[in-house]
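Asker: Task: produce atomic coordinates for the following.
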Amino acid sequence: MSTVRATYTARHFVLFGSRCQVHRSLPGRINLRGLATSTEGTLKKTGLYEFHIKNDAKMVPFAGYQMPLAYGNVGQGASHAHVRTDAGLFDVGHMVQSNFRGHTVTAFLEWLTPSSLTSLAPYTSTLSVLLNEKGGIIDDTVITKHSEDAYYVVTNAGRRDRDLAWFKEKLEEWNASDSAKSGKVEHEILEDWGLVALQGPAAAQYLQRLTSFDLRELTFGKSAFVPIEGFNLHVARGGYTGEDGFEISIPPSQTLDVTKLLCNAPVQLAGLGARDSLRVEAGMCLYGNDLDEDTTPVEAGLSWVIGKERKETGGFIGAEGVRKHLKDGPPRRRVGFIVDGAPARQGAQIYSSPQKELIGAVTSGIPSPTLGKNIAMGYVKSGFHKKGTEVDIDVRNRMRKAIVTPMPFMKPNYWRG
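Answerer: Numbers count the residues shown, from 1 in each chain. Alright, predicted model coming up:
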């Protein structure tokens, strides 16, 4: 069990009606750029929408949903810091959860992605990517293998229509081919299921109080069906913050009750504002900012998701373009930056120093609450991607010095046993 920074008594787990613990502090600056994606009339709601409203959430459009940006008068910086020092609970029920089943499902998913799933142990997860025919990233995804015949897959809400159409097209193609002669593949969408992320160094001790399952056995990247106060839930160890934590999938009828169990002191509800700054510090990509269909996993610094033998043999959609970048090197690369003076936001142009040649653009950038520095990530022409390279970034019509810096910006705190 990892070291935690809080102790608990039974009173911490009493449910206070419909309201959970919302820390009160001075409001902080929250960047709303890039969040609006739909008009309010067309926005969907997760199963926790009313729960968010009752807990004083500031709701904003995100990926086609009304999602909580922050709660009460807690500032983004304070919420961010609480996840780094204690624990926060995020609603990620907008994500698309799916089951894929069938005798040929491993081969099917190895066709859709460059990952080596055959060698993946049961109840183990891997980050992967769905690729188009050119090797561009349709979406990033987490794939969990339950058995050779069954997988649990989570994809992004903002890519729902594109992903589901792609799955349908490729399933029809696969099931009509000789590849499926030993068994067709079925796809089940877990509509309206809840998904919450309990993140932070205090997450494990808090969750352990609610289950007889020994969470020390659930190391980073592993999952299990875990009994939690009478609910039997799929729990995966991991997350989007760089901290230890768990992502918990919940049937629709149980989502509210389980969430109430998970959000009492020292856990605080946390929203999109903190989630974004946490993931940037952890060097993690946001689809639409840092990834798109014109970007290969090699350019994105995600070559590690490609199975070792698959780099040689291919056999997946988009393999030709990906293998060309692996062999010849990509024309550009995603890198991190420490930026002087002011934070560089998405779209800020990057220039070589001192030549002032345009070499790329920022895709995500924040003032880091943890580091007290301005950090960013973006793409630069190959040759300018090496650690320590000095560049200039145009921040609101003023050139700011920046240094190429390895990511993640902070050391991850994953539980590996």
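
Asker: could you pull out the strands for the stretch 101-250 of the chain?
Answerer: Taking DSSP state E, counting those that start in this stretch, the strands of the stretch 101-250 of the chain run over residues 124-131, 137-147, 150-155, 186-189, 194-199, 223-228, 231-237, 245-250.

Asker: for the fourth one, which positions count as buried?
Answerer: By that I understand strand 186-189. For strand 186-189, a neighbour-count test (16 or more other Cβ atoms under 10 Å) marks His187 as buried. The C-beta positions use only the backbone N, C-alpha and C, and glycine is treated the same way.

Asker: can you tell me how far Ile143 sits from Ala344?
Answerer: With distances taken as Cβ to Cβ, to the nearest Å, Ile143 is found 33 Å from Ala344.

Asker: returning to what we had before: of the strands of the stretch 101-250 of the chain, which approaches Thr46 most closely?
Answerer: Ranking the strands of the stretch 101-250 of the chain by proximity to Thr46 (Cβ to Cβ) places strand 194-199 first, at 7.2 Å.

Asker: Starting from that closest one, tell me which strands it pairs with and how they run.
Answerer: strand 87-91 (antiparallel), strand 245-250 (antiparallel) (DSSP bridges).

Asker: To what extent is the residue lying closest to Lys145 once chain neighbours are set aside buried, counted in neighbours?
Answerer: Closest residue in space to Lys145, ignoring its immediate chain neighbours: Leu120 at 4.6 Å, by Cβ to Cβ, 6 or more residues apart in numbering. Using other Cβ atoms under 10 Å, Leu120 has 20 neighbouring residues.

Asker: about what we covered before: between Ile143 and Ala344, who's got more neighbours?
Answerer: Ala344 (28 against 23).

Asker: Pull the contacting residues for that one.
Answerer: Applying Cβ atoms under 8 Å, 6 or more residues apart in numbering to Ala344 gives the contacts Phe337, Val362, Gly365, Asn374, Ala376, Gly378, Ile393, Val395, Arg400, Ala402.

Asker: what about the helices in the stretch 151-300 of the chain?
Answerer: For the stretch 151-300 of the chain, applying DSSP state H, counting those that start in this stretch gives helices covering 160-175, 203-208, 255-262, 272-281.

Asker: pLDDT at the residue most central in space within the chain, what is it?
Answerer: Nearest to the mean C-alpha position of the chain, by Cα atoms, centre = their mean, lies Tyr240 at 4.4 Å. The model reports Tyr240 with a pLDDT of 97.

Asker: tell me the contacts of it?
Answerer: Val92, Ala197, Gln199, Arg275, Leu278, Arg279, Ala282, Met284.

Asker: Can you tell me, leaving aside adjacent residues, what's nearest to the third one?
Answerer: Spelled out, that is Gln199. Gly245 (3.6 Å).

Asker: Next, count neighbours for that neighbour.
Answerer: 30.

Asker: Which elements pack onto the helix or strand harbouring Glu50?
Answerer: Assigned by DSSP states H and E, Glu50 belongs to helix 49-54. Packing partners of helix 49-54 (3 or more Cβ pairs under 8 Å, 6 or more residues apart in numbering; DSSP states H and E): strand 57-62, strand 65-71, helix 255-262.

Asker: so how far is the second one off the chain centroid?
Answerer: Mean C-alpha position of strand 65-71 versus that of the full chain (Cα atoms, centre = their mean, to the nearest Å) differs by 16 Å.

Asker: Next, the angle from the next helix or strand after it to helix 272-281.
Answerer: Beyond strand 65-71 on the C-terminal side, the first helix or strand identified by DSSP H and E is helix 76-85. Counting by axes from the mean of the first three to the mean of the last three Cα atoms, to 10 degrees, helix 76-85 lies at 60 degrees to helix 272-281.

Asker: the strands in the stretch 251-400 of the chain, which residues?
Answerer: 267-269, 332-339, 349-352, 358-367, 374-381, 390-395, 398-405.

Asker: among the ones you listed, which is the most enclosed?
Answerer: strand 267-269 (a mean of 27; mean count of other Cβ atoms under 10 Å).

Asker: tell me the mean pLDDT for that one?
Answerer: The model assigns strand 267-269 a mean pLDDT of 98.

Asker: for stretch 347-364, same thing?
Answerer: 97.

Asker: Can I get it in CSV, CA atoms only?
Answerer: The C-alpha coordinates for stretch 347-364 follow below in CSV (Å, rounded to 0.1, in the frame of the first residue of the first chain):
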residue,chain,number,x,y,z
GLY,A,347,-2.3,27.8,-31.2
ALA,A,348,0.7,29.9,-30.1
GLN,A,349,3.3,29.8,-32.8
ILE,A,350,6.8,28.4,-32.1
TYR,A,351,9.9,29.8,-33.8
SER,A,352,13.5,28.7,-33.8
SER,A,353,16.0,30.9,-31.9
PRO,A,354,17.6,33.0,-33.0
GLN,A,355,16.7,32.4,-36.7
LYS,A,356,13.0,33.1,-36.1
GLU,A,357,11.9,30.3,-38.5
LEU,A,358,8.3,29.1,-37.8
ILE,A,359,8.8,25.5,-36.6
GLY,A,360,5.5,24.5,-34.9
ALA,A,361,2.7,25.4,-32.6
VAL,A,362,1.6,24.9,-29.0
THR,A,363,-1.3,22.5,-28.5
SER,A,364,-1.8,22.8,-24.7
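
Asker: Do you know the pLDDT at Glu172?
Answerer: For Glu172, pLDDT reads 98.

Asker: all numbers from here: first residue = 32
Answerer: Okay, residue one is now 32; in that scheme the one you just asked about reads as Glu203.

Asker: which ones are touching it?
Answerer: With Cβ under 8 Å, 6+ apart, Glu203 has no contacts at all.

Asker: sorry, back to before: could the helices of the stretch 182-331 of the chain be laid out in a markdown table, adding distance to Arg341?
Answerer: Converted to a markdown table, those look like this (distance: least, Cβ to Cβ, whole Å):
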| stretch | distance to Arg341 |
| --- | --- |
| helix 191-206 | 17 |
| helix 234-239 | 34 |
| helix 286-293 | 37 |
| helix 303-312 | 27 |
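
Asker: most tightly surrounded among those?
Answerer: With a mean of 26, the top stretch among the helices of the stretch 182-331 of the chain by mean neighbour count (mean count of other Cβ under 10 Å) is helix 303-312.

Asker: Relative to Glu179, how far out is the residue nearest to Gln230?
Answerer: 28 Å.

Asker: ok, now Pro443?
Answerer: In this view, Pro443 and Glu179 are 30 Å apart by Cβ to Cβ.
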